[in-house]
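Asker: I would like the atomic coordinates for the input below:
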Amino acid sequence: MMSDSLSRFFAREEFFGWLLFSPERHRYIVPVSRAAIRALDITIRDRRTPNRKDLREFDPREACDALGWLRSHGCAPNTIEVVRRNPQPDSLSAPLNVYFDYTSVCNLSCTMCYDEPKRRGIKREREMSLEEIDGIFHELRHMGVFRVDLAGGEPLLFPKALLAYLHGARSRSISVSITTNATRLTKDLARRILEYDLKTITVSIDGYDAETNDAVRGAGAFDLARRGVRNLLEARRECGSSTRVAIKYTFPPSLSEEEVRRYVALGQQLGVDQVKLNPMRPSGEASGDLHLIEDPKRYYVALESIRRVAESTPELEVSGPVNPATCFGGRIPHIRDWGCVAGKELITIDSVGNVRPCSMMNDFVAGNVRHARIESIYLESRLLELRGRSLSECNSCSAYSTCRGGCRVRSQAAGDFFAKDPLCPVGAGQPLVPGPTYVPAFEELGLPHSL
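Answerer: Next up, the predicted model:
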């Protein structure tokens with residue numbers, strides 16, 4: 001086994017072949033074409049570099065693309081470390097991402113918070129210790145899980161604990177991102193956090209000015225968040241870090257193109273790398289806000305506004321929800337299960353060790369890491385209810401490869417957890433674009449939230 005410092009890729013075996021993770025790019029990479037699956041298997045299992053003769057049974061273009069990708073990315077027997085061989089029939093052996101809300105304590109009280117204790121500023125009884133959390137990172141590494149998103153509550157309220165968690169993750173080559181309100185982010189704390197080579201630090205700012213943001217997050221939060229972002233960016237310049245900095249707006253369905261433009265302008269003014277726009281969902285404090293799901297056409301007007309602004313602002317990355325009627329990719333193509341990423345590519349762990357498919361599925365507790373191993377919860381618990389499903393009205397839709405039936409949280413709010421998303425693009429009259437006919441050799445995976 002090579003040391004982590006020499007590994008350009010980590011690999012874990014899945015039912016379709018091998019899944020790669022690039023520590024340098026903080027990304028999972030999946031072989032898509034049959035030629036790529038074979039070429040990667042030869043590279044890992046036979047410990048040699050494949051050639052054209054090995055792939056002669058495949059389409060010449062597919063074979064050429066597969067070999068070219070391996071060569072151009074330096075993917076060779078001596079740059080891959082196999083970390084896991086536990087393939088499961090027709091499903092992943094472990095999630096890709098873990099959202100880890102390691103504390104419930106928060107200094108803000110956002111009106112749409114998905115977790116009541118966070119909004120009330122209450123610390124849950126018996127939150128996990130440093131030793132328990134380090135054990136979670138140890139188990140995730142053993143499972144071949146290399147991406148963790150730390151949040152809370154507010155993760156920066158306990159700097160010593162946060163830095164200990166970042167050390168535990170880095171010592172196991174786990175890529176970490178943080179979501180924070182940044183109201184407590186000093187320049188000194190920013191420097192210490194940036195030492196750990198995080199993928200992204202995302203600052204939640206729910207509006208383009210103080211009036212808009214503070215109506216949601218509390219008086220003074222806007223100015224404090226902007227100050228935190230500036231401290232972070234100054235610290236990054238001084239230490240030469242490559243960590244990306246983003247701001248994120250959890251938007252209501254009424255979002256207009258002018259509001260998108262003003263929010264993007266805020267990102268440009270601050271100098272961040274990315275502006276994210278995520279839709280508000282009917283969970284937690286917003287669980288009764290059915291207006292979030294009652295007007296699908298309005299929702300897609302908002303998505304189109306985000307798309308237009310993104311296209312007109314090439315100098316800044318602007319990302320929003322995927323419109324599955326026109327966008328494709330981002331998920332493992334070999335998995336065709338109906339339903340969103342929750343409980344499949346994604347699980348969440350809260351501050352007392354409860355495991356859920358998604359942070360917003362408050363009532364869906366699959367197990368607790370204090371009573372069972374994460375691997376057992378992932379492979380043997382009620383998370384299995386979310387896998388192997390099919391819905392005939394969705395399966396033949398050209399948007400299915402990306403949509404997969406949409407968000408379970410929205411479906412539950414509409415009355416049926418296992419019905420298609422009430423914001424279905426077809427139901428909203430969205431014109432469907434045929435999917436691409438060309439099959440790439442390899443694809444980098446994001447973690448797209450459904451719709």
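
Asker: hey, let's count contacts and neighbours off CA atoms from now on
Answerer: Will do.

Asker: In the helix or strand harbouring Trp69, which of the residues would be classed as buried?
Answerer: Trp69 is part of helix 60-72, with elements assigned from DSSP states H and E. Within helix 60-72, the residues that qualify as buried by neighbour count (16 or more other CA atoms under 10 Å) are Glu62, Ala63, Cys64, Asp65, Ala66, Leu67, Leu70.

Asker: Against which helices or strands is that helix packed?
Answerer: Secondary-structure packing of helix 60-72 (3 or more CA pairs under 8 Å, 6 or more residues apart in numbering; DSSP states H and E): helix 34-45.

Asker: Alpha carbons of the helix it packs on, in PDB - could you do that?
Answerer: C-alpha atoms of helix 34-45 as PDB (Å, rounded to 0.1, in the frame of the first residue of the first chain):
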ATOM      1  CA  ARG A  34     -17.700   0.000 -21.200                       C
ATOM      2  CA  ALA A  35     -14.200   0.600 -22.600                       C
ATOM      3  CA  ALA A  36     -13.300   2.900 -19.600                       C
ATOM      4  CA  ILE A  37     -14.600   0.300 -17.100                       C
ATOM      5  CA  ARG A  38     -12.400  -2.400 -18.600                       C
ATOM      6  CA  ALA A  39      -9.400  -0.100 -19.000                       C
ATOM      7  CA  LEU A  40      -9.600   1.000 -15.300                       C
ATOM      8  CA  ASP A  41     -10.100  -2.600 -14.200                       C
ATOM      9  CA  ILE A  42      -6.900  -3.700 -16.000                       C
ATOM     10  CA  THR A  43      -5.000  -0.800 -14.500                       C
ATOM     11  CA  ILE A  44      -6.100  -1.700 -10.900                       C
ATOM     12  CA  ARG A  45      -6.600  -5.400 -10.900                       C
END
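
Asker: quick one: low-confidence ranges for the chain?
Answerer: Low-confidence segments of the chain, defined by pLDDT under 70: 1-7, 116-122, 325-330, 447-451.

Asker: hang on, the earlier thing: mind giving me TSV with the buried residues of helix 60-72 and columns for distance to Gly388?
Answerer: Output for the buried residues of helix 60-72, formatted as TSV (distance: CA to CA, whole Å):
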residue	distance to Gly388
Glu62	29
Ala63	31
Cys64	34
Asp65	31
Ala66	29
Leu67	33
Leu70	32
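
Asker: so which of these would you say is closest to Ala94?
Answerer: Closest approach to Ala94 among the buried residues of helix 60-72 (CA to CA): Leu70, at 24.5 Å.

Asker: Roughly how far does the spatially closest residue to the closest one that is not a sequence neighbour sit from Gly17?
Answerer: Spatially, and ignoring its direct neighbours in sequence, Leu70 is nearest to Ala76 (7.0 Å; CA to CA, 6 or more residues apart in numbering). Distance, Ala76 to Gly17, using CA to CA, to the nearest Å: 16 Å.

Asker: returning to that earlier point: among the buried residues of helix 60-72, which one lies nearest to Ile374?
Answerer: Closest to Ile374, out of all of those and judged by CA to CA, is Leu70, at 32.5 Å.

Asker: can you pull the buried residues of stretch 332-349?
Answerer: Buried, per 16+ other CA under 10 Å, within stretch 332-349: 332, 335-349.

Asker: Same question for stretch 23-37.
Answerer: 23, 26-37.

Asker: so Thr179 makes contact with Val148?
Answerer: No. With contacts counted by CA atoms under 8 Å, Thr179 stays clear of Val148, the gap being 11.0 Å.

Asker: Going by residue numbers, what spans are helices in the stretch 351-451 of the chain?
Answerer: Using DSSP state H, counting those that start in this stretch, the helices of the stretch 351-451 of the chain run over 374-380, 392-395, 400-403, 408-414.

Asker: closest to Arg170 out of those helices?
Answerer: helix 374-380 (19.5 Å).

Asker: got a list of contacts for that closest one?
Answerer: Helix 374-380 has contacts (CA atoms under 8 Å, 6 or more residues apart in numbering) with Ser93, Ala94, Pro95, Glu139, Leu140, Met143, Gly343, Val355, Ala366, Gly367, Asn368, Leu383.

Asker: Then stretch 40-54?
Answerer: Taking CA under 8 Å, 6+ apart as the rule, stretch 40-54 contacts Gly17, Trp18, Pro31, Ala39, Ala63, Cys64, Leu67, Ala76, Pro77, Ile80, Val82.

Asker: go again using 7 Å as the cut-off
Answerer: With CA atoms under 7 Å, 6 or more residues apart in numbering as the contact definition, stretch 40-54 has outside contacts at Gly17, Trp18, Ala39, Ala63, Ala76, Pro77.

Asker: Spatially nearest residue to the fourth one (excluding sequence neighbours)?
Answerer: The spatially closest residue to Ala63, leaving aside those adjacent along the chain, is Ala35, at 5.3 Å (CA to CA, 6+ apart).

Asker: No more questions from me, cheers.
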